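> sequence? don't have it. structure:
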């Protein structure tokens, strides 16, 4: 079975590597155009391109998907199946129609929940108890195709988006292999989504960083976890806007106003939240400084 793979970030590279390691013929890889990143604006390859090149797989990086170029390229590769994982582009219907076995996708949520971008981060930000990965057939509408398989997992109390991302990329890769095998054997299930239950999420940005301490303590902790590793939560303490990398539930209650510093010490900075409980800030970063324990920050700063 000839497969064409489309993807860009690290989440997708795990699935591409899994296909290769399981002996599938990957005839070509589509990924986003190279971008200049960092202070030096050096041009870097996507994680998917890096994996493809390491295995001598042809790489294609069309700037547009609707001018006929991508369609002609895909047709020339003659795939039986197209696998899309976090490609970052909407595929028009003419591309979806090329492979006789269909175009499938790995998505980092339990669809129909969290269609769209950043589903992993929002599952943490929203304080969900569980999430998972889903394989599905792509359709015209974003993330609305028929479900093939889904697998769920619990979200840890203090699990960050980055940590969950790393777990789900491996879960997604394993589920992809199961999905491809069953498609190849003609026994893959297909179930329409319950569209009326669909929810949608968007990309993160720095406007989300400030912590709202009027929220319950658990929600504050989940906000800190959900914004890791980017864009990172922030709070203004002692007139300085600090990046907040870690916050713990204390189980303590207080009558002080939300956002008030209740105590400081070797354990960190205790702050009142909207439900009367407190959280403990344990790791921070001041502007122009390195990330450090809150205890170390307090040595030179009074709150």
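Cool, the structure landed. Keep in mind that what you see is a predicted model, and the values were worked out from it rather than measured.
> List the residues that contact the closest residue in space to residue 152 that isn't next to it in sequence.
Counting by C-beta to C-beta, 6 or more residues apart in numbering, residue 132 is the residue found nearest to residue 152 once chain neighbours are left out, at 3.7 Å. For every residue, glycine as well, the C-beta is placed using N, CA and C. Neighbouring residues of residue 132 by C-beta atoms under 8 Å, 6 or more residues apart in numbering: 109, 110, 150, 151, 152, 153, 168, 171.
> Report the secondary structure state of the closest residue to residue 263 other than its chain neighbours.
Nearest non-adjacent residue to residue 263, counting by C-beta to C-beta, 6+ apart: residue 270, 4.4 Å away. Following DSSP: H, G, I helix; E, B strand; the rest coil, residue 270 is assigned to strand.
> got the end-to-end distance for stretch 114-131?
10 Å (C-alpha to C-alpha, to the nearest Å).
> Give me the residue ranges of the stretch 201-303 of the chain where confidence is low.
For the stretch 201-303 of the chain, no stretch is flagged by pLDDT under 70.
> now the helices for the protein?
10-21, 47-54, 69-77, 93-96, 119-125, 161-184, 217-226, 294-300 (DSSP state H).
> that older thread, so which of the contacts of residue 132 comes closest to residue 278?
residue 153 (29.4 Å; C-beta to C-beta).
> For residue 256, see how far away that closest one is.
Distance, residue 153 to residue 256, using C-beta to C-beta, to the nearest Å: 37 Å.
> May I see the ChimeraX selection of the buried members of the contacts of residue 132?
The buried residues among these can be selected in ChimeraX (16 or more other C-beta atoms under 10 Å) with this line:
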select :109,110,150,168,171
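> Any idea what residue 25 is bridged to?
Beta-bridge pairing of residue 25 under DSSP bridges involves residue 2.
> doesn't residue 4 make contact with it?
No. Using C-beta atoms under 8 Å, residue 25 is not in contact with residue 4; the gap is 10.1 Å.
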